[in-house]
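*Asks:* Next one to model:
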Amino acid sequence: MPGTTNPQLRPGTPDDLPQLTALYNHYVTQTPVTFDTVAFSPEQRQTWLSHYADHGPHRLLVAEETGGEDGGEGGGRLLGYATSSPFRPKPAYATSVETTVYVAPGAGGRGVGTLLYEGLFAALAGEDVHRAYAGVTLPNEASVRLHERFGFRRCGVFGQTGRKFGRYWDVAFYEKPLG
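*Replies:* Below you'll find the predicted structure:
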């Protein structure tokens with residue numbers, strides 16, 4: 001990546017919240033990828049951030065631009081993030097997670113999403129997680145390719161699931177065995 005040497009993966013921290021929020025807001029205001037329709041402030045995203053830990057099934061990993069050979073941690077530009085979140089709130093779903101990847105504008109097509117998913121699934125390997133699920137707003141060929149490359153299979157498509165930017169969007173659902 002221009003200006004980047006070896007993007008580093010690490011758990012997200014509260015210090016990342018302004019960049020995480022700005023990155024997500026790009027998708028909120030510019031794309032149908034998320035069905036949120038109003039941009040957030042970092043303060044509004046604090047509860048979202050509090051759901052993640054550096055252990056357990058619910059993770060937040062960030063890919064950070066390092067700019068130097070030695071890497072380093074903190075203070076760099078975030079190139080993207082990946083999460084594993086509760087799939088549904090009922091107890092029987094505890095061994096299922098929903099995964100997401102968001103790549104910063106200008107960082108797409110450079111392996112950031114792959115790096116994030118490699119790290120996320122490596123982190124989940126030791127956890128009591130049986131299935132990962134992902135929803136992909138269609139069309140989104142880059143996301144479809146990423147999920148299929150990681151062994152997700154399409155389970156189905158919900159037609160015209162959400163309305164954004166004056167039109168309805170379909171959402172494809174994918175699943176991946178983990179345990």
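
*Asks:* Just the element for residue 99, please.
*Replies:* Here residue 99, judged by DSSP states H and E, is contained in strand 96-103.

*Asks:* cool, residue 172 as well?
*Replies:* Assessed by DSSP H and E, residue 172 sits inside strand 167-177.

*Asks:* With residue 84 instead?
*Replies:* Here residue 84, judged by DSSP H and E, is contained in strand 78-86.

*Asks:* what about that strand, distance to the chain center?
*Replies:* Centre-to-centre, strand 78-86 and its host chain are 3 Å apart (Cα atoms, centre = their mean, to the nearest Å).

*Asks:* try stretch 133-149
*Replies:* Relative to the chain's own centre, stretch 133-149 is displaced by 12 Å; criterion: Cα atoms, centre = their mean.

*Asks:* That stretch: which residues count as buried?
*Replies:* Neighbour counts over stretch 133-149 (16 or more other Cβ atoms under 10 Å) mark 133-138, 140, 143-144, 146-147 as buried. C-beta coordinates here come from the backbone N, C-alpha and C atoms, glycine included.

*Asks:* Next: stretch 171-179.
*Replies:* Residues of stretch 171-179 classed as buried by neighbour count (16+ other Cβ under 10 Å): 171-176, 178.
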